[in-house]
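> give me a model of this one.
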Amino acid sequence: MIEKRILVIYTGGTFGMLKNEKGVLVPQKNIEHRVIRKLSQLHDNEYWEKRLAKTDRQEYLALPDGKDTDVKVLYKILEYDELKDSSDFMTDDWIKIARDIKKYYMDYDGFVVLHGTDTMAYGASILSFMLETVGKTVVLTGAQVPIFQPRSDGNNNILCALLIAATQYIPEITVFFGCKLFRGTRVKKVSNTRIYAFDSPNFPALLEAKTTIDVDPKMLLHVSVPNECILHDRLCTKIYLLKVTPTITPAIIRAVFEGMEGIVLETYGNGNIPIKRKEIYAEIERAVKNNVLVVNVTQCVNGMVHGKPLYETGLLLLECGVVPAYDMTSEAAQAKLSYVLSKTELSYAEKVELMKTNIRGELHNPHLGVK
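Numbers count the residues shown, from 1 in each chain. All right, here's what the predicted structure looks like:
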């Protein structure tokens, strides 16, 4: 039987949480020995004792054999010293994950990242851009209910993530949750109560785990060198997202834009802001003239901001130099902006063009005819 080795990077999140003395959930250390090795669904202890226990592979766990694969999946858990609720994640945390994937890239056949759900969509997008070329399957997953609890969805999520990472060639960053695998730059958290917590509003799921797990290769990004991992581990942190509301004022815009290199402007509908309030446009125009890269993304879950606006309000933004995000999610737009602005070798005009170009499957620009 062919063996595949997967590295599981455990960063924290609800997946491995227990209630503390105050009755609130906090991440727990040593989940491998406290729970995962004890779950027959996630560890074939008989195989481990016969094949691994007395070898240099004793640190691996082994998935039980399944009808949908003839591969024996071995996996090792890399547990971070500081486990975090994903609400506490910052840029440096995702840089650490990306560097670890790069560090261990040649030692494993695929990767699973156990990540909290609150910022998983941000993390998946950021990792997608930092890992400029990746020829192995990388799956982010987590849980709505901790693995320590009987009703945990974490069991199935990590099981499917491991099987996908070991048996499917998907050379990009993905998110598995519920029963679907999503492109990392297209995913969005849509519920904090449902087991099916994630969706991909403007792009179909890459696969759905049914009685079998199969992916349509036509859905995937492709790399020219499968075993190569190219890492860009710099990100610009002088960016922010500003949501347009009826109470927005020039003073708010000035305060948010101050000291920033890039802004994701979350606007109404097709990319609109109040048309009668010229002072709003004046502040945005002034920022663009000072080389602040402003990206226009819709507040709507589905839809896009067109490069050829439908309304006068959107046209005014385009004319003053604001970049349409097309059908990018807010999370992907912010991640991409952070990545593009860190490309110091590019001119401002080149950065603008890169924001409008599909590079990780994050957008569809109908004017370029590229999906």
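
> so which helix or strand takes in residue 279?
Taking DSSP states H and E as the definition, residue 279 sits inside helix 278-289.

> next helix or strand past that helix?
Using DSSP H and E, the helix or strand that follows helix 278-289 towards the C-terminus is strand 293-298.

> which other helices and strands contact that following strand?
strand 262-267, helix 278-289, helix 312-319, strand 323-324, helix 330-341, helix 348-355 (3 or more C-beta pairs under 8 Å, 6 or more residues apart in numbering; DSSP states H and E). Yep, even glycine has a C-beta here, placed from its N, CA and C like the rest.

> could you redo the last one with a cut-off of 6 Å?
Under the contact definition 3 or more C-beta pairs under 6 Å, 6 or more residues apart in numbering; DSSP states H and E, strand 293-298 sits against strand 262-267, helix 330-341.

> relative to that strand, what are the paired strands and their orientations?
Within its sheet, and counting by DSSP bridges, strand 293-298 is paired with strand 262-267 (parallel), strand 323-324 (parallel).

> so what touches that strand?
262-267, 271, 288, 305, 317, 322-325, 330, 333, 337, 351 (C-beta atoms under 6 Å, 6 or more residues apart in numbering).

> quick one: mean pLDDT over stretch 105-114.
When pLDDT is averaged over stretch 105-114, the result is 97.

> mind checking the helices and strands packed on strand 293-298 for the one nearest to residue 16?
In terms of C-beta to C-beta, the element of the helices and strands packed on strand 293-298 nearest to residue 16 is helix 330-341, at 23.3 Å.

> let me see the mean pLDDT of that closest one.
On average, helix 330-341 scores 98.

> now stretch 260-268
On average, stretch 260-268 scores 97.

> if we can go back for a sec, nearest to residue 15, out of the helices and strands packed on strand 293-298?
Smallest distance to residue 15 across these (C-beta to C-beta): 19.9 Å, for helix 330-341.

> what's the angle from that closest one to strand 293-298?
Interaxial angle of helix 330-341 relative to strand 293-298 (axes from the mean of the first three to the mean of the last three C-alpha atoms, to 10 degrees): 160 degrees.

> leaving out sequence neighbours, find the closest residue to the spatially most central residue of the chain.
In the chain, the residue lying closest to the centroid (C-alpha atoms, centre = their mean) is residue 124, at 1.1 Å. The shortest distance from residue 124 to any non-neighbouring residue, by C-beta to C-beta, 6 or more residues apart in numbering, is to residue 184 (3.4 Å).

> low-confidence regions, the chain specifically.
The chain contains residues with pLDDT under 70 at 67-68, 223-226, 310-314, 367-371.

> at 50 instead, please
Within the chain, the ranges that satisfy pLDDT under 50 run 369-371.

> which one's the longest strand in it?
strand 71-84 (DSSP state E).

> show me how far that strand is from its chain's centre.
Distance of strand 71-84 from its chain centroid, counting by C-alpha atoms, centre = their mean, to the nearest Å, is 18 Å.

> with stretch 237-254 instead?
The gap between where stretch 237-254 is centred and where its chain is centred comes out at 24 Å by C-alpha atoms, centre = their mean.

> can you give me the strands for the stretch 51-200 of the chain?
61-62, 71-84, 110-114, 131-134, 137-141, 173-177, 180-183, 188-189, 198-199 (DSSP state E, counting those that start in this stretch).

> comparing these, which comes out most buried?
Among the strands of the stretch 51-200 of the chain, the stretch with the highest mean neighbour count (mean count of other C-beta atoms under 10 Å) is strand 173-177, at a mean of 30.

> sheet partners, orientation included, of it?
By DSSP bridges, strand 173-177 pairs with strand 137-141 (parallel), strand 180-183 (antiparallel).

> which of the strands of the stretch 51-200 of the chain sits closest to residue 235?
strand 131-134 (12.4 Å).

> I'd like to know which elements that closest one is packed against.
If contacts are counted by 3+ C-beta pairs under 6 Å, 6+ apart, strand 131-134 sits against strand 229-231.
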